[in-house]
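J.: Next come a sequence and a model predicted from it.
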Amino acid sequence: MNNETDMPPPKKDAPAGAEALDKNQQDQCKPASAVAQSKIDRARAWLRNTPGAVAGQGGHNATFAVATALIHGFELNAGDADTLLNEYEVVCICNDIIFDEEGRGRPASKGTFLKRDEWIKNHFTPPISAMWNGGDSKGAYVRINPCFDESGSDSGVANFRHVLVEMDEKTKDEQWTILKESKLPLSVVIDSGRKSLHGWVRVEAANREEWNERRDVVYRQLEALGIDPKNKNASRFSRLAGVMRDGKEQKLLAVNVGAVNWDAWMRQRSLLGAVSLFDMKLPSASGSPNDIFVKGYLRKHGGLLLVGPTGIGKSSFLIQCCIAWSLGQPLFGITPTRPLKTLVIQAENDDEDMAEMRDGVVKGLSLTEEQMGQIHASIHVVSESGKTAKSLFDETLEPLLAAYKPDILILDPLFAYMGGNASDQENASKFLRQILAPSLERHGCAAILVHHTNKPPREPQGKGFKRPTSESAYDGAGSAELANWPRAVLSISATSTPGTFQLTAGKRAKKLGWKDRSGSPVNQIYIKHSLDKTFWEPADPAPTIFQVERPSANVAQVLACVPMTGSMAKNDLIAMHKKTGIGENKWKGFIKKLIDEGQLLESTKTRKGKNHEKFVSRTPIPPETYTRDMDEQKHPPI
């Protein structure tokens, strides 16, 4: 690989002194669009002289090296690098055809293997050879997936992108109707030049095993409609569009037909029958490829709603999340499945505010230079305050999502971008389900929506009231749809301790695995602001992941008087206030609080001819185990 041959010398008519400028200085003298294009052109020229990746000869390493060079060497964004990597893929085409006794043709060889750019330059740039479009041309084949080697087998497939479907027992009109109504995500539909149409179903499988599974789903969907069962291998040949076949063109009929991608199609399968319950699969032990966070707390195409009052620090919390997740690190028990890329669209903070948040997190996490480099390429921020709803997506977000390909899109705050009244159910549903959700499906990412809480109630709740944790999902102001649509909801709320806050998981809390000191699952943890920087910290680190708020000392004293097993008479517990110096009424109030919160259980024993007697315990106790024998109770000291 020659890294020096593709840098042309300065033009003779360059401005005086240009030869003395290094490449970065020259780029600074150009408009931004010209700089971006010059980088792409240089990278493309370098790529043309780079040998293709070959399986068994370090093919995967070669591809990784090329990707690294495009991102870090040529400083391309992810979208441009992906485009050039597609050009680097090896494509197999065959026009060596033999025929059987009935005149049916098939490839006579494994085909010719060239990079896509080489095919275009050497064969499909005018003037095009008569071997492709002349009167004697017998057509040509192309493998539906790019290759790593020249074996022509499934083991040589580099990217399990497509499944081929063909139905030559029906008329072309019938075939087209079936393909269109199936809503399958078809990259292309090709007229073979004879009696069949070829559809390339875009399955984008991560590996051969997943490709096999998705192929089987496609074939089950179409098997009653006469699909050709012979096309079930990943290295399959299809007809090459644009080539003549006995005087008829193998014609490209359509591109990007049906659902935007595989996941969208799986959710939309309805026109040819609903999805069988038994076609649905559990994720593997290692999780689903759609998981953004472990255990599926958030998946591709889903949403997370982050709710909190104004000024509490939601934006800084999210910036800290973005930075930790970009390194593949968990934050407050929320663990990404891999290093994540994030696109932040925000309208609440200026550049100085964002820089202050960033620097606080960098200091708080003690990041290295290497980690800083990884973050630099993974988090991008756009300040947008003028567009909303459909115009926001059409004019701003769609191009950005296509260019940066993030794992997570953040909208901060949601109110700034929804357009219309957030309390209007119809308006909220339209934004979330008709505008946002299809865009997430098209680009294979998830969304985090930052939202303000409702104003607090004027009157406090009654004494002893404790709101169920699940209701925190509805903390956000506006329509209930704002809580119903997201897959997950996190709520930040103040506590009685200044600077300390409760982080509550209103939906799917069990998937986070939060636990208290005893190892019991909890739905909320406690976090706090750092005293010397813009940074969030656990409020009270413990041996387990997180812990619930500890009861006050006086309540703890009451609880300590109750044995871990067995029971004790409630009157005996009340009498123990004398040993603590706490007033009887206050002590009774603490007992009531523990009973209301479920930390103590109250039971009644009937006594013939006497008043019923009440007992308390930490766990349910059978009646025969009630005891008043205080000497038998091994009470811990007060």
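T.: Nice, thanks for sending it over. Numbers count the residues shown, from 1 in each chain.

J.: Does Thr310 touch His452 like I think?
T.: Yes. The pair Thr310 / His452 is scored as a contact, 5.8 Å apart, by Cβ atoms under 8 Å. In short, each C-beta sits where N, CA and C put it, glycine included.

J.: who's more crowded, those two?
T.: His452 (20 against 9; other Cβ atoms under 10 Å).

J.: doesn't Leu305 make contact with the more buried one?
T.: No. With contact defined as Cβ under 8 Å, His452 does not reach Leu305; the gap is 11.1 Å.

J.: Select the helix or strand of the chain having the lowest average pLDDT value.
T.: helix 23-28 (a mean of 44; mean pLDDT, DSSP states H and E).

J.: Quick check: phi and psi at the nearest residue to Phe99 once chain neighbours are set aside.
T.: Residue nearest to Phe99 in three dimensions, not counting chain neighbours: Gly105, with 5.1 Å by Cβ to Cβ, 6 or more residues apart in numbering. Dihedral pair for Gly105: phi -90, psi 160, per degrees, to the nearest 10.

J.: Kindly tell me how buried Gly105 is, as a neighbour count.
T.: Neighbours of Gly105 using other Cβ under 10 Å come to 15.

J.: for stretch 173-183, which positions count as buried?
T.: 175-176, 178-180, 182-183 (16 or more other Cβ atoms under 10 Å).

J.: export that stretch as CSV, just CAs?
T.: The C-alpha trace of stretch 173-183 is given here as CSV (Å, rounded to 0.1, in the frame of the first residue of the first chain):
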residue,chain,number,x,y,z
ASP,A,173,-47.7,-8.0,-13.0
GLU,A,174,-48.6,-10.5,-10.4
GLN,A,175,-45.0,-10.7,-9.2
TRP,A,176,-44.8,-6.9,-8.9
THR,A,177,-48.1,-6.7,-7.0
ILE,A,178,-46.9,-9.4,-4.5
LEU,A,179,-43.5,-7.7,-3.9
LYS,A,180,-45.1,-4.3,-3.5
GLU,A,181,-47.9,-5.4,-1.2
SER,A,182,-45.5,-7.5,0.9
LYS,A,183,-43.9,-4.2,2.2
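
J.: And it, how far out from the chain middle?
T.: 31 Å (Cα atoms, centre = their mean, to the nearest Å).

J.: same deal with stretch 181-191?
T.: Worked out by Cα atoms, centre = their mean, stretch 181-191 lies 26 Å from the chain centre.

J.: what comes into contact with it?
T.: With contact meaning Cβ atoms under 8 Å, 6 or more residues apart in numbering, stretch 181-191 is reached by 161-162, 165, 172, 176, 179, 197-203, 218, 221-222, 238-241, 249-262, 264-265, 268-269, 271-272.

J.: cutoff 6 Å now
T.: Stretch 181-191 is contacted from outside by 197-202, 239, 241, 251-255, 257-259, 261-262, 265, 268, 271-272, using Cβ atoms under 6 Å, 6 or more residues apart in numbering.

J.: Take those residues and keep only those in helices.
T.: Residues of the contacts of stretch 181-191 located in helices (DSSP state H): 262, 265, 268.

J.: correct me, but the second one touches Val257?
T.: No. With contact defined as Cβ atoms under 6 Å, Trp265 does not count as touching Val257 (11.1 Å).

J.: Quick check: neighbours shared by the two?
T.: Joint contacts of Trp265 and Val257 (Cβ under 6 Å, 6+ apart) do not exist.

J.: helices or strands next to the helix or strand harbouring Ile525 in the packing?
T.: In this assignment (DSSP states H and E), Ile525 forms part of strand 524-529. Secondary-structure packing of strand 524-529 (3 or more Cβ pairs under 6 Å, 6 or more residues apart in numbering; DSSP states H and E): strand 500-507.

J.: what separates the strand it packs on from the chain centre, distance-wise?
T.: On Cα atoms, centre = their mean, the centre of strand 500-507 falls 22 Å from that of its chain.

J.: Same question for stretch 416-429.
T.: Using Cα atoms, centre = their mean, the offset of stretch 416-429 from its chain centre is 24 Å.

J.: Same question for stretch 279-289.
T.: The answer for stretch 279-289 is 15 Å, by Cα atoms, centre = their mean.

J.: Same question for stretch 218-225.
T.: Using Cα atoms, centre = their mean, the offset of stretch 218-225 from its chain centre is 30 Å.

J.: cool, stretch 395-412 as well?
T.: Chain-centre distance of stretch 395-412: 13 Å, with Cα atoms, centre = their mean.

J.: Now tell me what touches that stretch from outside.
T.: 77-79, 315, 340-346, 380, 384, 387, 417, 443, 445-450.

J.: Give me the ChimeraX select line for those residues, limited to the buried ones.
T.: Remark: buried members of the contacts of stretch 395-412, expressed as a ChimeraX selection using 16+ other Cβ under 10 Å:
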select :77,78,315,340,341,342,343,344,345,346,380,384,387,417,443,445,446,447,448,449,450
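
J.: Can I get the helix or strand that contains Ile410 in PDB, CA atoms only?
T.: Assessed by DSSP H and E, Ile410 sits inside strand 408-412. What follows is strand 408-412, C-alpha atoms only, in PDB (Å, rounded to 0.1, in the frame of the first residue of the first chain):
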ATOM      1  CA  ILE A 408     -28.900   8.100  19.900                       C
ATOM      2  CA  LEU A 409     -30.700  11.300  18.900                       C
ATOM      3  CA  ILE A 410     -31.300  13.800  21.700                       C
ATOM      4  CA  LEU A 411     -33.900  16.500  21.500                       C
ATOM      5  CA  ASP A 412     -33.400  19.100  24.300                       C
END
